[in-house]
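1. pasted the sequence and its predicted model underneath.
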Amino acid sequence: MNRGLASPRQFPNPDNLVALQIADALLDGFNKHYRLFRECSRQAKDRFEVGNWQQVQRAAKERIQFYDDRVQETVERLQNEFHAGSLEEPVWQQVKLLYIGLLTDHKQPECAETFFNSVCCRILHREYFNNDFIFVRPTISTEHIESDPPTYRSYYPNKFGLRRTVRQIIEDYGWRRPFTNLQRDITCLIDALREHLGGTWPHADANYQIQVLYSPFYRNKAAYIIGKAVNGNQEYPFAVPVLHDSEGGLYLDTILLDARRIGVLFSFSRAYFMVDMEVPSGYVQFLRAMLPTKSRAELYTMLGLQKQGKTMFYRDFMHHLRHSRDDFIVAPGIRGLVMLVFTLPSYPYVFKIIKDVIAPPKEINKRVVLEKYLLVKQHDRVGRMADTLEFSNVAFPKARFTEELLQELRELAPSVMEESDDTVVVKHLYIERRMEPLNMYLMNADEEMLEHGIREYGNAIRELASANIFPGDMLFKNFGVTRYGRVIFYDYDEIEYMTDCKFRKIPIPPTPEYEMMAEPWYPIARNDVFPEEFATFLLGEAKVRQIFMRHHADLLTVDFWRDKQKKIAQGHIEDFFPYPENLRFSSRAQEKLRD
């Protein structure tokens with residue numbers, strides 16, 4: 001690779017030579033990371049074709065750790081070879097300037113700058129974080145980076161017709177596993193397209209093009225073709241899921257043509273995609289044009305580059321702080337026993353801090369809570385668990401904190417905060433998309449909303465169970481309602497793998513006196529769960545109970561949970577569709593038959 005503007009001969013000064021060697025080592029560390037990241041993403045095609053879903057899950061989990069491993073390797077190298085922690089300020093300033101030179105013609109400069117920051121922030125003291133030693137703002141433009149292969153392919157249906165063009169698009173992805181009936185699937189796709197757009201558009205002689213991203217987007221048991229049709233100044237985004245059928249072939253499951261539906265694929269409650277990208281900024285720019293409501297931070301995160309997502313989120317957050325005037329406040333709702341939660345009303349996120357002392361009846365400590373949040377980060381969230389951004393040493397303007405919030409921080413989490421005259425530094429926190437707590441949603445719901453909320457609540461529990469997750473504390477306050485009306489779980493301190501739980505029936509008491517005892521008369525181990533008891537603390541209100549029992553009565557039975565455990569033990573991985581059942585081609589075909 002072209003090392004840019006710098007070479008050792010240009011800098012005979014020993015300090016400059018050391019600075020160049022450090023810059024080289026930093027870029028070597030990042031290049032190794034991205035090489036491994038890209039190889040893992042490239043192998044997603046092979047895993048999809050053979051249908052090795054267990055390996056799909058393992059790869060997704062392991063890839064999350066790649067970044068931190070390479071950062072730690074690079075930190076150790078810089079400490080061992082250059083005693084980096086004791087270098088003078090001018091050397092670090094020179095390292096940054098030389099590193100910028102090395103990024104000339106680099107394909108992932110924005111990600112390389114973030115890697116530089118991650119390494120330096122582990123070596124340098126926090127007082128240097130906002131000066132010339134790190135990249136507070138990006139320095140290399142990502143607007144016009146050439147990619148080989150290109151970011152997207154273009155097709156022109158007026159040459160060969162729409163049907164043949166769609167077939168060519170699919171064949172160009174080179175899947176070796178054959179399609180069961182591609183002709184049928186293409187017919188369904190074109191029918192859905194024309195139904196959505198109205199009439200017979202696009203006309204055979206229309207001069208338009210179809211652009212599709214070069215790499216499919218792999219996640220769970222699906223591959224997604226992502227693209228858009230461009231006709232003059234009009235653009236029509238689409239996403240096509242490709243799945244395995246029971247006969248061992250591939251098929252097109254549907255076509256998503258609404259930007260809102262496509263946006264749900266990139267929801268914060270979903271697992272990250274595997275995408276083979278030489279130039280990730282090109283993919284983000286393409287997706288941003290399709291999904292203007294999605295921030296670049298969200299898109300980088302969903303492409304598996306969550307550290308870059310964090311960097312861009314933080315820059316957006318700092319910009320919002322500079323241009324807003326409201327105060328950070330204690331988050332509305334029932335106070336939790338484990339987390340202190342605060343928010344900025346004008347910003348759609350909450351900030352969560354683990355309390356120093358976790359009050360009874362909780363029987364966990366801070367280490368366990370950290371482990372639970374890491375579990376969720378590495379697990380398939382199946383659209384039912386909120387992703388979190390984890391930050392260390394975040395400096396907030398003290399003047400923007402209400403006195404109530406400051407008092408809670410001082411009383412409940414003093415070890416996590418450092419307070420000066422004008423700044424509050426929080427040593428560790430999680431940032432999460434703000435949602436309306438389900439208990440507050442139900443409190444203000446009319447009959448239709450109540451029905452929807454309870455059905456969604458039960459569906460969330462079912463899907464989590466199928467994904468080997470038992471929520472633990474299933475109170476309504478631990479679930480939130482998204483802007484799309486989905487119910488999402490977001491309180492992870494009691495979360496467990498389904499396979500680690502023992503679901504039991506409540507034993508029959510030997511005498512009536514035993515039944516009247518204040519405490520259970522039978523032994524209870526740590527991970528024992530009694531589904532019959534759920535109704536006692538969840539279904540006190542008559543309307544809520546009626547709706548729940550109509551749709552989800554089986555959740556109160558041991559058989560439901562044991563059946564899920566059995567399937568998980570057998571290696572069964574459930575299908576989760578991030579779009580409504582009635583959009584699937586199979587459902588549309590059945591509907592036509594009924595008509």
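-> Nice, I can see it.

2. could you pull out the helices for the stretch 51-200 of the chain?
-> Secondary structure of the stretch 51-200 of the chain (DSSP state H, counting those that start in this stretch): helices at 53-82, 89-102, 109-123, 157-160, 162-172, 182-197.

3. for those helices, give me TSV that also has distance to residue 390, mean pLDDT and mean neighbour count.
-> Every C-beta, even on glycine, is put in place using the N, C-alpha and C of the backbone. Output for the helices of the stretch 51-200 of the chain, formatted as TSV (distance: least, C-beta to C-beta, whole Å; pLDDT from 0 to 100; neighbours: other C-beta atoms under 10 Å):
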stretch	distance to residue 390	mean pLDDT	mean neighbour count
helix 53-82	11	96	16
helix 89-102	25	92	19
helix 109-123	13	94	22
helix 157-160	46	88	14
helix 162-172	39	96	17
helix 182-197	40	93	16
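
4. which one of the ones you listed lies closest to residue 573?
-> helix 53-82 (4.4 Å; C-beta to C-beta).

5. can you name every helix or strand that that closest one contacts?
-> helix 14-42, helix 44-50, helix 109-123, helix 306-322, helix 366-378 (3 or more C-beta pairs under 8 Å, 6 or more residues apart in numbering; DSSP states H and E).

6. same thing but 7 Å
-> Secondary-structure packing of helix 53-82 (3 or more C-beta pairs under 7 Å, 6 or more residues apart in numbering; DSSP states H and E): helix 14-42, helix 44-50, helix 109-123, helix 366-378.

7. got the angle for it vs helix 366-378?
-> Relative orientation of helix 53-82 versus helix 366-378 (axes from the mean of the first three to the mean of the last three C-alpha atoms, to 10 degrees): 120 degrees.

8. for helix 53-82, what is the distance to the chain centroid?
-> 18 Å (C-alpha atoms, centre = their mean, to the nearest Å).

9. just want the angle from that helix to helix 109-123.
-> Going by the same axes, to 10 degrees, helix 53-82 makes 60 degrees with helix 109-123.

10. in which helix or strand does residue 450 reside?
-> helix 447-466 (DSSP states H and E).

11. and the next element down the chain from that helix?
-> Assigned by DSSP H and E, the successor of helix 447-466 is strand 469-470.

12. which residues are in contact with that following strand?
-> 379, 495-498, 501 (C-beta atoms under 7 Å, 6 or more residues apart in numbering).

13. hang on, the earlier thing: out of the helices and strands packed on helix 53-82, the one nearest residue 174 is which?
-> Per C-beta to C-beta, nearest to residue 174 of the helices and strands packed on helix 53-82: helix 44-50, 8.2 Å.

14. buried ones in the closest one, by neighbour count?
-> By 16 or more other C-beta atoms under 10 Å, the buried positions in helix 44-50 come out as 44-45, 47-48.

15. try stretch 412-432
-> Those would be 412-413, 416-417, 424-426, 428-432, for stretch 412-432 by 16+ other C-beta under 10 Å.

16. how far off centre is stretch 373-381?
-> Per C-alpha atoms, centre = their mean, the centroid offset for stretch 373-381 relative to its chain is 9 Å.

17. so which bits of that stretch are buried?
-> 373, 375-381.

18. same check, this time on stretch 395-411
-> 395-396, 400-401, 405, 408-409.

19. and the two most separated of these?
-> Pairwise over the buried residues of stretch 395-411, using C-beta to C-beta, the maximum falls at 395 and 408, 18.6 Å.

20. okay, now the nearest residue to residue 59 once chain neighbours are set aside: neighbour count?
-> Among residues not flanking residue 59 along the chain, residue 40 sits closest, at 5.9 Å (C-beta to C-beta, 6 or more residues apart in numbering). With neighbours defined by other C-beta atoms under 10 Å, the count for residue 40 comes to 18.

21. from residue 27, how far out is residue 40?
-> 20 Å (C-beta to C-beta, to the nearest Å).

22. now do residue 273
-> Taken as C-beta to C-beta, the span from residue 273 to residue 27 is 26 Å.

23. could you do residue 511 as well?
-> Distance from residue 511 to residue 27, by C-beta to C-beta: 75 Å.

24. cool, residue 169 as well?
-> 37 Å.

25. for residue 224, same thing?
-> Counting by C-beta to C-beta, the gap from residue 224 to residue 27 is 32 Å.

26. next: residue 179.
-> From residue 179 to residue 27 the distance is 43 Å (C-beta to C-beta).

27. of those two, which one has the most company?
-> residue 27 (22 against 19).

28. right, and the more buried one touches residue 102 too?
-> Yes. With contact defined as C-beta atoms under 7 Å, residue 27 and residue 102 form a contacting pair (5.2 Å).

29. number of nearby residues for residue 561?
-> Residue 561, neighbours per other C-beta under 10 Å, totals 21.
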